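S.K.: based on what follows, work out the 3D shape:
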Amino acid sequence: MNYSRINTIGGWLCFGIAAITYILTLDQSVSFWDCGEFISSAFRMEVVHQPGAPIVSMIQRIFSTLAFGDKTKVAYFINIASALASAGTILFLFWTITALAKKTVVKKGEEISQQQTIGIIGAGLVGALAYAFSDSFWFSAVEAEVYAMSSLCSAVVFWGILKWESQADEPKSDRWLLFVAYIMGLSIGVHILNLLTIPALIFVYYFKKNPSPKWQGVVKVFLVSIAALAVVQFGIIQYVISLAAGFDYFFVNTMNLGFGTGILFFAVLLIGSLVYGIRYSIRRNKRALNLILLFTVLLLFGYSSFALLVIRAQAKPNLNNYNVDNVFSLSRYLGRDQYGDRPLLYGENYNSEKIDIKETGKIFRKGDKKYEPAGTKSAYVFADKTLMPRMYSDKPEHVRFYKNYMGFDDQHKPTFVENLKYMFSFQAGQMYMRYFMWNFVGRKNNEDGQFGGTDGAWLSGIKPVDAMRLGSQKNLPPSITENKAYNRFFFLPLIIGLIGAVWHFKRNQKDAGVIGLLFVFTGIAIVVYLNSVPIEPRERDYAYVGSFYAFAIWIGLGVFGLKDWVFKKLTPARAGIFASVVAMCCAPVIMANQGWDDHDRSDSHEARDMSVNYLKSCAPNAILFTYGDNDTYPVWYAQEVENVRPDVRVVNLSLFTADWYIDGMRRKQNESAPLPITLKPEQYVEGTRDIMYYQDYKVAQHIELQQILDILLSDHDEDKVTMNDGTKYNVLPTKNLKLAVSPQQVLDTGTVPKEDAGKIAGSMEWTFNQNYVTKGTLALFDILVHNNWERPIYFTGAMPDEQYIGLNKYLYSEGLNKRLLPLKPDTAITEDYERINIKPLYNNLMNVYAYGNIKNANHLDRQSSDDVTRISSMFNGALNNMINQGKIVESKKMVNKFFEVIPTKFYSMRQVMSTYYFTENLYRLNDLNRANAMIKKTADYVNKELNYLADVSESKNQLAAEQDVRFYLGFLGQMVKLTGEFKQNGLSKGLEKQYNDLIIRFTPYATG
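M.R.: Numbering: from 1, shown residues only. Okay, here's the model as predicted:
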């Protein structure tokens, strides 16, 4: 069998192994984060968040048809698309590694020998499968995110340029360059991370055309590659659309022609210019110009996939992000205007003084007949700036982090050197190298590691080495050893990769340099360019999989390093076999063995069930206010795909500040009638009432919300304040708000049952909890005023407190959601979690909610494990309330339900707290056997955790994880008191001894 056939079979073998792996570990339904939005948008051809992914939507839509009408299977088959795309990435990675290896070990014109074939195929198998089983790539392969298809595009593009290189001296070889251009254009419709391969592609071309390059030429080409990347990212992706917008503005506003005429003229002009340029390059035999122009044309062909968004926006679908039905909104959508700007090379620190505001551009919106001004883009002018500003965000939570991490006091202003230190230590170290080490060294657990502690840290499994960083590694506690993400690779994949890199640089500096460039641009360069703020909503390792892909190439080439340096005394064929087997065991095998359990989502459906729970626990025709990704995107999926409770209107408060989103809320969606919003479009259109600040008018009494709404919507100058520049703006004159309540209306609509009629308040009075009103808050006020209790109003319990606008004392927990009820505030309630609506809460927990198999699932991701604690807390709140009311029979039923659905394993420190309170309720129910068993189990867990932390403290000679120590000791002390209070004296004394022994161990390191 010749090499070509073996190479083909080897690639498809890798594809098959990867595809089977991903399908076996596939999430069976929707996942958390953006997946729900992507599945919903693909199924109904809707418009996702900026900057869009039309190619992904189209491919996912095709795969959704494989469900053959079974809507509960749509998510599964869309997930299959990610699995197959990821397997395709492994296929092309195999062929990339074998192409690089063949080029390095086989001389031009030489026949490939058997021993060379063994080494080349072995390298391809080792490198491709190592990447297949890498942590971050595997995570994205089993869910409906864009990163699987993004990785496939990058893999195809890089393989394509190597294919061109191998045929560059043959006629028509340039077709491969054009293929690369078209795939890259399509990849823009997947994710722009693929553009970071451009510098590496240009260097492959340069080295092929210049076999003996000089360093001056390398520097020039490097600068050219950066410029090319900028031209594509800004020139083609953004400025082509911006130019089209400028033409349309001129044709519509100046020449009084219809919308789109300027775009049509610009398109004709652009196409004509490209056609002329291509013909000119052919006639004058200017090959370089011809390639550049054809490259541009094919990029634009691929990029044209974004027309889908404009077409679908015209249909006003339920999910219609940014309403890109015109060229100006499309331009801002592609420019990611919603996310704001971040300083890159020169800018402010977090505490730089703001001395002025400057206009940076104008914003236009589509009016009835012309484009209209919608405000201006502006930026602060700062008194002082620095090079490489890395600590720039002035959000309070970010400022606190900067100060704590760097040890700054309140007056200190970061210097250039300190910004660099922060970049290398935190941004590059904690937020990139930690991810890199997860993939090729090992991982401690799946807890959030963004805060710089030991949670979420990398570790190798070599205890003396890990102890140098993390402290003593003896007596590891269950939070580590029982965490499925406790993966130990013992540095082996990293070592194989480093051997491969050294071998590659020794044997072929140019190719190794190209891989190094790919590694840097898809890793550290992203860190520098994104300049991310600390404390992101979740870990961002998926953004750097391109650099892990590049390193996997070196893992594959490590086979040759082992062959040449470790097994050099064997015959070449045997050396190749031994090297391949050893490398296979040291990388893919150990990575698959350690990683399988924490990537296997096949038996958990927590995200899907939670999303259905949010909807099913609402009363008919309810309005459900959500806020974050995980209480919104899965809920969208449940409604848009599975058609669960289409009568409920889901309102995302973080999007409610946009005029296009308010427009959607004023329309019927599914079976939900329009929201009771009386605002006129001209009162909330973009650029109007975007933000209205609070100005204290010293109003002591509470003011009716209708009056506040009238003031905020007033166009009279006497209801506005004059700014320094002479402009006038509406302001909020008081935070003391009131909403009159008609008890009869409340009873007639069933908002409050008749037996609770005496509890209804004559009016709801509260204090608004923010210093400004957005148009979203304005719309929310409008709904509260005009709803008249006709539609039940809920807020999810997962949102930040400020989103409740101060209504907390009228929000009653019914489980995952809080219902707005006009009841007289209970002065005995001091904490929000005590305010519950027991009847629907009991019904939801016992009869309505599904629990995603969290009790028996092989692995729960961090979000799902957090939900275990949330659900446990709901049971605790309901049990406590019912026991207080003397409902013992119902309480015992609920206890049985708890044991039926809640896992006995501790997933987090927070679960210790919820378990303690549940145990307290068991004692109150005289369920002593189960209470004692839970206390013993909890105490055993706490004891192991604390003894481990004591070991770490002793090894470092300072108190380790002080907050954790105080938390665990506090609850262990509470268990001593609890068991004593309920006359479990023997158990109490045993716990007291544990507590005292631990106090003795920690006393030498106590800080007060």
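
S.K.: neighbouring contacts of stretch 667-684?
M.R.: Outside stretch 667-684, the residues within contact range by C-beta atoms under 8 Å, 6 or more residues apart in numbering are 316, 318, 621, 623, 639, 643, 646-649, 651, 659, 662-663, 665-666, 688-689, 713, 775, 778-779, 782-783, 786-788, 790-791. No exception for glycine: its C-beta is placed from N, CA and C like everyone else's.

S.K.: same check, this time on stretch 468-476
M.R.: 444, 454, 457, 459, 463-464, 466-467, 944, 947-948, 951-956, 960.

S.K.: what of stretch 61-74?
M.R.: For stretch 61-74, the surrounding residues in contact (C-beta under 8 Å, 6+ apart) are 29, 39, 42-43, 45, 76-78, 80-81, 641-643.

S.K.: at 7 Å instead, please
M.R.: By C-beta atoms under 7 Å, 6 or more residues apart in numbering, the residues outside stretch 61-74 that reach it are 39, 42, 43, 45, 77, 78, 80, 81, 641, 642, 643.

S.K.: now the end-to-end length of that stretch.
M.R.: Using C-alpha to C-alpha, to the nearest Å, the end-to-end distance of stretch 61-74 comes to 9 Å.

S.K.: tell me the pLDDT at residue 80?
M.R.: On pLDDT, residue 80 comes in at 97.

S.K.: that one: how many residues sit nearby?
M.R.: By the criterion of other C-beta atoms under 10 Å, residue 80 has 21 neighbours.

S.K.: nearest residue to it in space, please, no chain neighbours.
M.R.: residue 63 (6.0 Å; C-beta to C-beta, 6 or more residues apart in numbering).

S.K.: what's the answer for residue 655, then?
M.R.: residue 661 is the one closest to residue 655 (C-beta to C-beta, 6+ apart), at 4.5 Å.

S.K.: how close does residue 189 sit to residue 263?
M.R.: Distance of residue 189 to residue 263, computed by C-beta to C-beta, to the nearest Å: 19 Å.

S.K.: so between those two, which is more surrounded?
M.R.: residue 189 (27 against 19).

S.K.: quick one, what contacts that one?
M.R.: Contacts for residue 189 (C-beta under 7 Å, 6+ apart) come out as 53, 54, 55, 302, 305, 306.

S.K.: rebuild these as TSV, extending it with distance to residue 406 and pLDDT.
M.R.: Compiled in TSV, those are given as follows (distance: C-beta to C-beta, whole Å; pLDDT from 0 to 100):
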residue	distance to residue 406	pLDDT
53	37	92
54	42	95
55	42	95
302	44	90
305	44	93
306	41	93
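
S.K.: rewinding a little: just the buried ones from the contacts of stretch 61-74?
M.R.: 39, 42, 43, 45, 77, 78, 80, 81, 641, 642 (16 or more other C-beta atoms under 10 Å).

S.K.: quick check on the last one: phi, psi?
M.R.: Phi and psi for residue 642, reported as degrees, to the nearest 10, are phi -90, psi 0.

S.K.: got the contact list for residue 690?
M.R.: Neighbours of residue 690 in contact, by C-beta under 7 Å, 6+ apart: 375, 775.

S.K.: go ahead and confirm the residue nearest to residue 655 touches residue 654.
M.R.: No: assessed by C-beta atoms under 7 Å, residue 661 is found out of contact with residue 654, at 9.5 Å.

S.K.: neighbour count for these two, which is higher?
M.R.: Using other C-beta under 10 Å as the criterion, residue 661 and residue 654 rank with residue 661 on top: 21 against 15.

S.K.: compute the distance between that one and residue 364, please.
M.R.: 19 Å.

S.K.: could you do residue 716 as well?
M.R.: Distance, residue 716 to residue 364, by C-beta to C-beta: 27 Å.

S.K.: neighbour count winner among these two?
M.R.: More neighbours surround residue 364 than the other of residue 716 and residue 364, with 23 against 9 (other C-beta under 10 Å).

S.K.: that one: which element?
M.R.: strand 354-366 (DSSP states H and E).

S.K.: now do that strand: which elements does it pack against?
M.R.: If contacts are counted by 3 or more C-beta pairs under 7 Å, 6 or more residues apart in numbering; DSSP states H and E, strand 354-366 sits against helix 327-334, strand 371-382.

S.K.: count of residues packed around residue 900?
M.R.: 9.

S.K.: coming back round to it: quick one: buried residues of the strand holding residue 364?
M.R.: Within strand 354-366, judged by 16+ other C-beta under 10 Å, the buried ones are 363, 364, 365, 366.

S.K.: picking up where we left off before, let me know which of the helices and strands packed on strand 354-366 is tucked in deepest.
M.R.: A comparison of the helices and strands packed on strand 354-366 by mean neighbour count, using mean count of other C-beta atoms under 10 Å, puts helix 327-334 on top with a mean of 23.

S.K.: adding pLDDT and distance to residue 106, write the buried residues of strand 354-366 out as CSV.
M.R.: Formatted as CSV, the buried residues of strand 354-366 follow (pLDDT from 0 to 100; distance: C-beta to C-beta, whole Å):
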residue, pLDDT, distance to residue 106
363, 88, 59
364, 89, 59
365, 87, 61
366, 89, 60
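
S.K.: wait, which of the contacts of stretch 61-74 is closest to residue 865?
M.R.: residue 39 (22.8 Å; C-beta to C-beta).

S.K.: let me see the contact set for that closest one.
M.R.: 30, 74, 75, 78, 144, 637, 641.

S.K.: which pair of the residues you listed spans the longest distance?
M.R.: 144 and 641 (10.9 Å).

S.K.: between those two, which contacts overlap?
M.R.: 39, 75.

S.K.: quick check: the gap between the residue nearest to residue 655 and residue 847.
M.R.: Taken as C-beta to C-beta, the span from residue 661 to residue 847 is 34 Å.

S.K.: cool, and residue 174?
M.R.: Remark: distance between residue 174 and residue 847 (C-beta to C-beta) = 67 Å.

S.K.: for those two, indicate the residue with more neighbours.
M.R.: Higher neighbour count among residue 174 and residue 847: residue 174, with 16 against 8, using other C-beta under 10 Å.

S.K.: now the more buried one: closest residue in space that isn't a chain neighbour?
M.R.: Excluding its sequence neighbours, the residue lying closest to residue 174 (C-beta to C-beta, 6+ apart) is residue 291, at 6.6 Å.

S.K.: only the buried residues of the helix or strand in which that neighbour is found, if you could.
M.R.: Secondary structure from DSSP H and E places residue 291 in helix 287-303. Across helix 287-303, burial judged by 16+ other C-beta under 10 Å covers 290-300, 302-303.

S.K.: likewise stretch 389-399?
M.R.: 389, 390, 391, 392, 393, 398, 399.

S.K.: where in the chain is pLDDT low?
M.R.: Low-confidence segments of the chain, defined by pLDDT under 70: 724-726, 1007-1008.

S.K.: by residue count, which helix of it is the longest?
M.R.: Ranked by residue count, the top helix of the chain under DSSP state H comes out as helix 74-105.

S.K.: now do it: distance to the chain's middle.
M.R.: How far helix 74-105 lies from its chain's middle: 23 Å, per C-alpha atoms, centre = their mean, to the nearest Å.

S.K.: what about the helices in the stretch 351-500 of the chain?
M.R.: 396-406, 416-422, 434-440, 463-470, 478-481, 492-507 (DSSP state H, counting those that start in this stretch).
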